[in-house]
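Enquirer: here are the coordinates; sequence isn't available:
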């Protein structure tokens with residue numbers, strides 16, 4: 001038996017269809033975003049942009065938007081509402097015109113912040129959602145996604161993954177449940193969830209289990225996921241934060257591991273493939289590193305990390321050649337009053353500005369990072385199909401971005417670069433940069449010294465040849481020495497010895513030397529001629545009443561000249577030292593008398609020497625102790 005829809009419902013469906021056609025055109029599924037701009041123009045010259053997009057209904061242009069590759073501004077916004085306690089991870093979510101952040105706090109659970117109409121605002125509303133009776137005291141990674149009109153969240157809680165169902169609005173109080181079919185994990189930490197096609201795929205790191213695990217939710221985040229243990233194929237230790245990126249038709253995961261290295265996983269064309277992993281080591285500047293965020297912005301991949309210390313630091317990752325290329329790190333210092341910073345949120349674009357937040361565990365605060373738009377363009381943004389003619393006031397490389405059908409199912413964006421140079425007659429002077437920086441010349445970033453020529457062709461007659469004589473300030477060595485041991489109230493003088501330089505030590509001191517009196521991690525940043533170099537040394541406490549150094553430097557500078565043991569309470573003592581050919585080069589029966597590095601009235605050669613020492617302690621009379629080992633002589 002056939003059924004018929006009422007006439008009124010048929011009419012409603014007809015009008016709805018016409019409305020959708022008016023929004024998306026006759027081919028509702030296809031929007032092709034494209035535009036044309038010149039690749040190079042002169043300062044103050046008119047720039048005409050031609051929109052070639054088809055299938056679009058709304059357009060939003062940025063001509064001088066925030067760039068993630070530029071150093072950010074940072075502000076500590078404190079502890080909004082006084083709710084934060086041991087904050088770990090944070091995620092940013094936009095629901096129509098409402099902006100929310102969610103923070104996982106160990107022992108407290110989940111906190112919801114409402115920022116009003118932009119993430120540039122401090123929160124104006126806050127609420128502790130609690131632990132739901134399921135979260136432990138070890139809450140870590142948190143993610144919240146919209147799946148077919150429903151908001152679904154996930155929180156790493158020690159051994160379990162907890163799902164939060166907010167329903168149709170993030171204003172709702174969620175219901176919580178344990179995600180099924182996942183065996184207990186040894187400390188779930190970093191968490192990332194993305195939609196690949198119609199399927200949802202998530203990954204979590206196990207910081208104590210030293211492995212990466214995958215959750216395949218299929219077409220709904222409410223499904224019981226297929227669990228896969230990917231093990232430890234990157235050779236990492238204590239993996240933490242994880243970021244997922246799609247670049248050049250390949251999926252990648254980047255993970256901070258062991259507080260000091262970076263691991264890269266290549267999944268190929270699907271996150272459901274078995275990955276190929278490589279440990280990239282320390283890209284430079286990692287020092288008890290935890291938080292990580294990465295963004296692919298206008299063809300350039302940039303990342304940021306934090307060093308987890310009381311005097312916290314933020315660093316920038318440069319992916320030269322893309323996510324699969326060479327990675328280098330640069331420490332930017334303590335921005336935004338960091339105090340044991342733990343994790344980054346995503347980098348979120350709001351119109352012309354990029355935003356990100358950092359959690360500070362030591363004092364329970366949040367640090368806001370902003371990448372603001374420049375003010376070098378005649379208009380900051382436009383919503384016309386073809387924007388009016390624009391001009392740029394300063395030379396540089398700018399992002400021109402077009403967002404089509406914003407907040408609609410067919411939303412798509414495209415970004416292109418435009419290079420702005422000085423007009424003819426404004427020939428560049430010699431350019432000197434710090435080693436590791438680069439200059440955009442001859443249509444690519446140059447990292448080697450030389451003379452570069454750029455021929456500029458422009459229809460208004462601004463053709464010219466720009467000559468850049470590029471030089472680099474050479475790197476200067478900063479060496480605090482090898483990691484060592486300190487015993488029984490002794491001291492170690494740390495002396496970088498870089499003349500005419502400025503110094504910044506781990507405790508804020510700006511002296512040229514530092515006297516270490518206790519075990520710990522010591523570091524210094526030395527700045528000279530606007531360039532900086534960093535080094536660190538780990539000094540551990542000795543665990544024996546008598547300690548033998550492993551290196552000495554008899555170079556007559558008055559520091560570490562004599563090799564002799566350190567300790568107290570030695571009653572009898574004898575020590576013999578041999579070279580690698582078995583020749584005895586020194587003998588002593590006095591505990592306080594050591595070897596000055598001379599043999600047969602001449603300086604002994606650099607190298608490794610071997611010692612045998614016998615001694616008795618006051619508290620263990622008549623018990624002979626023997627110590628054997630090696631010492632390195634360096635001049």
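Expert: Sure, I can see it. Quantities reported herein were computed from a predicted structural model and do not represent experimental measurements.

Enquirer: which strand or helix spans the residue nearest to residue 438 when sequence neighbours are not counted?
Expert: Spatial nearest neighbour of residue 438, excluding adjacent residues (Cβ to Cβ, 6 or more residues apart in numbering): residue 445 at 4.1 Å. C-beta: built from backbone N, CA, C; applies to glycine. Assigned by DSSP states H and E, residue 445 falls within strand 444-446.

Enquirer: what pLDDT does the model give residue 187?
Expert: At residue 187, the model reports a pLDDT of 93.

Enquirer: quick check on it: phi, psi?
Expert: phi 70, psi 80 (degrees, to the nearest 10).

Enquirer: now for the residue nearest to residue 130 when sequence neighbours are not counted: which residues touch it?
Expert: The shortest distance from residue 130 to any non-neighbouring residue, by Cβ to Cβ, 6+ apart, is to residue 109 (4.6 Å). Remark: with contacts taken as Cβ atoms under 8 Å, 6 or more residues apart in numbering, residue 109 is in contact with 128-132, 135, 139.

Enquirer: in ChimeraX, how would I select just the buried ones from the residues you listed?
Expert: Buried members of these, defined by 16 or more other Cβ atoms under 10 Å, are picked up in ChimeraX with:
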select :128,129,131,132,135,139
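
Enquirer: and the contacts of residue 109, which of them are in strands?
Expert: Of these, the ones assigned to strands by DSSP state E are 128-130, 139.

Enquirer: circling back: the residue nearest to residue 438: how many residues sit nearby?
Expert: 14 (other Cβ atoms under 10 Å).

Enquirer: test my guess that it contacts residue 436.
Expert: No. The criterion here is Cβ atoms under 8 Å, and residue 445 misses it with residue 436 at 11.8 Å.

Enquirer: picking that back up, for the next helix or strand along the chain from the strand holding residue 445, which outside residues touch it?
Expert: Using DSSP H and E, the helix or strand that follows strand 444-446 in sequence is strand 450-456. Residues outside strand 450-456 that contact it (Cβ under 8 Å, 6+ apart): 40, 42, 421, 439, 441-443, 446, 462-470.

Enquirer: the residue nearest to residue 86 when sequence neighbours are not counted and residue 414: what is the separation?
Expert: In space, and not counting its chain neighbours, residue 86 is closest to residue 106: 4.3 Å by Cβ to Cβ, 6+ apart. Here residue 106 is placed at a distance of 42 Å from residue 414 (Cβ to Cβ, to the nearest Å).

Enquirer: which pLDDT does the model give residue 6?
Expert: For residue 6, pLDDT reads 38.

Enquirer: what residues sit buried inside the strand or helix carrying residue 165?
Expert: Using DSSP H and E, residue 165 sits in strand 160-167. Within strand 160-167, the residues scored as buried using 16+ other Cβ under 10 Å are 160-164, 166.

Enquirer: now pLDDT and distance to residue 83 too, for the residues you listed, in TSV please.
Expert: Output for these, formatted as TSV (pLDDT from 0 to 100; distance: Cβ to Cβ, whole Å):
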residue	pLDDT	distance to residue 83
160	95	23
161	96	24
162	96	19
163	97	23
164	97	17
166	98	19
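
Enquirer: and which of those residues is nearest residue 249?
Expert: Distance to residue 249 across these (Cβ to Cβ) is lowest for residue 161, with 29.3 Å.

Enquirer: excluding chain neighbours, what is closest to the closest one?
Expert: Leaving aside its chain neighbours, residue 161 sits nearest to residue 179 (4.3 Å; criterion: Cβ to Cβ, 6+ apart).

Enquirer: sorry, back to before: quick one: buried ones out of the contacts of strand 450-456?
Expert: Among the contacts of strand 450-456, those buried by neighbour count (16+ other Cβ under 10 Å) are 40, 42, 421, 439, 441, 446, 462, 464, 466, 468, 470.

Enquirer: can you say which helix or strand has residue 480 in it?
Expert: Following DSSP H and E, there is no helix or strand that holds residue 480.

Enquirer: for burial, what's the neighbour tally of it?
Expert: Residues near residue 480, counting by other Cβ under 10 Å: 21.

Enquirer: which strand or helix spans the residue lying closest to it once chain neighbours are set aside?
Expert: Leaving aside its chain neighbours, residue 480 sits nearest to residue 537 (4.1 Å; criterion: Cβ to Cβ, 6+ apart). In this assignment (DSSP H and E), residue 537 forms part of strand 531-541.

Enquirer: residues of that strand that come out buried?
Expert: Buried residues in strand 531-541, counting neighbours by 16+ other Cβ under 10 Å, are found at 531-535, 537, 539.

Enquirer: tell me which residues in the lengthiest strand in the chain are buried?
Expert: In the chain, taking DSSP E as the definition, the longest strand is strand 620-633. Neighbour counts over strand 620-633 (16+ other Cβ under 10 Å) mark 631, 633 as buried.

Enquirer: show me the contact partners of that strand.
Expert: Here strand 620-633 has contacts from 546, 548-554, 563, 565, 571, 577, 597, 604-617, using Cβ under 8 Å, 6+ apart.
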